[in-house]
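Asks: Okay, predicted coordinates and the sequence, questions at the end:
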Amino acid sequence: MLQEKLEQFVKIMEKQELEDSIQDPKLYHELFAAYLFLDDLVNARFLWKRIPVAVKNGNQELDHMHKIFLCLNRNDVVELYKLLDNYKWSKGVVEIMYELKEKVRMDTLDLIGHAYTSIFENVFGEMTSLSKDMIEDTCKRLNWEIQSGSYPRLIFPKKPVVEKVSALNAEDQLEKLTSIVSFLEN
Amino acid sequence: MASPLEHYVNTVRTMSAAGNFRDLVEYLNESVELLTRNINILDNVLETLDKQNHSLGFLYVIATKLNEIQQNEDPEPILKLVKEFVTLCNGEQVRNAPQNYFDLFHNYTNLLVKRKLNTTQGIPILTIAIEKIQLMESQLTPLHADLCQLCLCSKIFKPALHFLDIDITTIASSEEHQDATTKYFLLYYYYGGMVYTAVKNYDRALYFFEVAISTPATAMSHIMLESYKKYILVSLILRGKQITIPKYSPQVITRFIKPLSQHYHELSNVYINNGSPDAVRSVMTKYQETFIRDNNMGLVKQVLSTLYKKKIQRLTKTFLTLSLSDVASRASLSGPAEAEKYILNMIKSGEIFAVINQKDGMVIFHDDPEKYNTPNMYLKIQEDMNKVIELNKKITKMEEKIMLTPMFVKKSTLPESAVDDKGYPSEACE
């Protein structure tokens, strides 16, 4: 939902910027936030370079967003959560920033599932910004085993199962395959 | 209004109304001098012409105005005129004088860039200008290069990517200005490569630089040299090695380009053979001046940062499991924590396939899990196949076209004795 809304918004803003530059500085905040949420770091970087110095100077919120951009760029999620939590975001971006945190957390959980066979509880907590109880809940939900013992306990993540969806029916596939083979043979 | 200009207006009006564009262009070409001489009163002429109905006449006037603009003159009025012209002009009419049309926008771009004006305003204008003159969307025009340049100056890349992503199949050129066409062809691939590098689409960037350096030439252009420098750096970033330039590149390139880019070669040699970050860093400092002067320092820094990744990637080929501290020492990283961070990032971006075991501080490397048996892979193959089929069709068509040219027919039907051992007509017959 938010994803699509932001994609639309970005499109409109990009068009507006081309046609008669962005007048309201607040829109830079929203556009920058949108790029961050969409994980469009390339465009975020160049937007940062494009924002007029007059707008950037002394603008704490934009400065904070830029720090977040740098964290995303080097995958420093621990610092990222801190930055997201320790700032009072303005009305236009607060929702995006909240969702960004959730998204990063989901992505990180997915990554942990792929990249770790075992991970210590404290590292897991830092990477997902979850409290002890929430860690247990999350692991239970994902069916990840927690080894009992003293702190920090070990967690054994499992690879998320990717659902296979077939978009084509067999007849279609066969037909296309035939045309490809006939091209190669001739 | 002076009477020769009145005559100009009248001729433009009558000939445009009659649709006699070819003669009109001839007349206009002869009138350039007249227009230049009366530069101060051209605004009066513009008032009497309609941008849509008299596009050609209008084009010549604003082209002259833009060409003759003075250093201290306010550029706003002419910029506004170009903007109005491009939205209203008749594509069919201006296609009769393509070179003047191209020159107008080349000068327009130059004006924006040289005077350090707001280059963003030029992007939509060049976009329209290209779309108006193009016969099909896969046709390259000299204006593509200008658009890319404006996008680079404004740091806005989407409008350029829209054009860059389309593979070129034909080139719009005007016969009498072949040199200019070549320049803008090279510039398009050079700027295009830079745009792709900026958005980190290195694969495509490498291809663009490759086209620039493998374009047939009898003398080396500076654009080619600069493309070559970037080609070396991008190939290090993308592949971790230096790719040899294609065999079909012009000889003059292979001979002269290397001595002219010594410093870059040294960097790539150290990167590939020595592989220690310190050695690469020392080359960087040694030739810092060159890299900064060439505006390539940013890329050079990226080359250095990929070095660690390349080392880790190489480890995956040798080892099945390795402790994190071993990874750190073999990839010249500071310690196991940094190694873990690198590996995690590389797993995320799909550069390696591995799992980390924090319990024992080990990392287990896997092979690529792609088994090429999913519907998505099938779709991808299908897409690629369609491209190949299309390409094949195009080549067949081009071949047929060549077979039908009188020159080819003449040479290929010569008696066998008149052909030398390479299949070319021997000198006696030419």
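Replies: Nice, I can see it.

Asks: and chain B, which residues reach chain A?
Replies: For chain B, the residues in contact with chain A (C-beta under 8 Å from any C-beta of the partner chain) are B:118, B:120, B:123-124, B:154-159, B:198-200, B:341, B:343-345, B:347-348, B:354-359, B:364, B:374-375, B:378-379, B:382, B:385, B:389, B:392. C-beta coordinates here come from the backbone N, C-alpha and C atoms, glycine included.

Asks: Any of those buried? List them.
Replies: Neighbour counting with 16 or more other C-beta atoms under 10 Å in any protein chain shown marks B:120, B:123-124, B:154-159, B:198-199, B:343-345, B:347, B:354-358, B:378, B:382, B:385 as buried within those.

Asks: Mark which of those residues are part of strands, please.
Replies: The members of these that map onto strands under DSSP state E are B:354-357.

Asks: Of those residues, just say which sits nearest to residue B:257.
Replies: The closest of these to residue B:257 turns out to be residue B:354 (C-beta to C-beta; 39.1 Å).

Asks: quick one, what contacts the closest one?
Replies: Contacts for residue B:354 (C-beta atoms under 8 Å, 6 or more residues apart in numbering or on different chains) come out as A:115, B:316, B:343, B:346-347, B:363-366.

Asks: again, only using 6 Å
Replies: Counting by C-beta atoms under 6 Å, 6 or more residues apart in numbering or on different chains, residue B:354 touches B:347, B:363, B:365.

Asks: re the thing from before, inside helices: which ones of the residues of chain B next to chain A?
Replies: Within those, residues falling in helices by DSSP state H are B:123-124, B:154, B:158-159, B:198, B:341, B:343-345, B:347-348, B:375, B:378-379, B:382, B:385, B:389, B:392.

Asks: quick one: the helices in chain A?
Replies: Along chain A, counting by DSSP H, helices occupy A:2-20, A:25-37, A:41-50, A:53-56, A:60-73, A:77-85, A:91-115, A:121-128, A:132-142, A:170-185.

Asks: does any part of the first one sit near chain B?
Replies: Okay, so that is helix A:2-20. Yes - Helix A:2-20 comes into contact with chain B (C-beta under 6 Å from any C-beta of the partner chain), by way of residue A:18.

Asks: Tell me what angle that helix forms with helix A:25-37.
Replies: 130 degrees (axes from the mean of the first three to the mean of the last three C-alpha atoms, to 10 degrees).

Asks: mind listing what's buried in helix A:2-20?
Replies: Quick answer for helix A:2-20 (16+ other C-beta under 10 Å): A:2, A:6, A:9-10, A:13-14, A:17-18.

Asks: could you give the angle of it to helix A:91-115?
Replies: Angle between the axes of helix A:2-20 and helix A:91-115 is 130 degrees (criterion: the same axes, to 10 degrees).

Asks: what distance separates helix A:2-20 from the middle of the whole chain?
Replies: Its chain's C-alpha centre and that of helix A:2-20 lie 19 Å apart, by C-alpha atoms, centre = their mean, to the nearest Å.

Asks: Show me what it is packed up against.
Replies: Helix A:2-20 sits against helix A:25-37, with contacts defined as 3 or more C-beta pairs under 6 Å, 6 or more residues apart in numbering or on different chains; DSSP states H and E.
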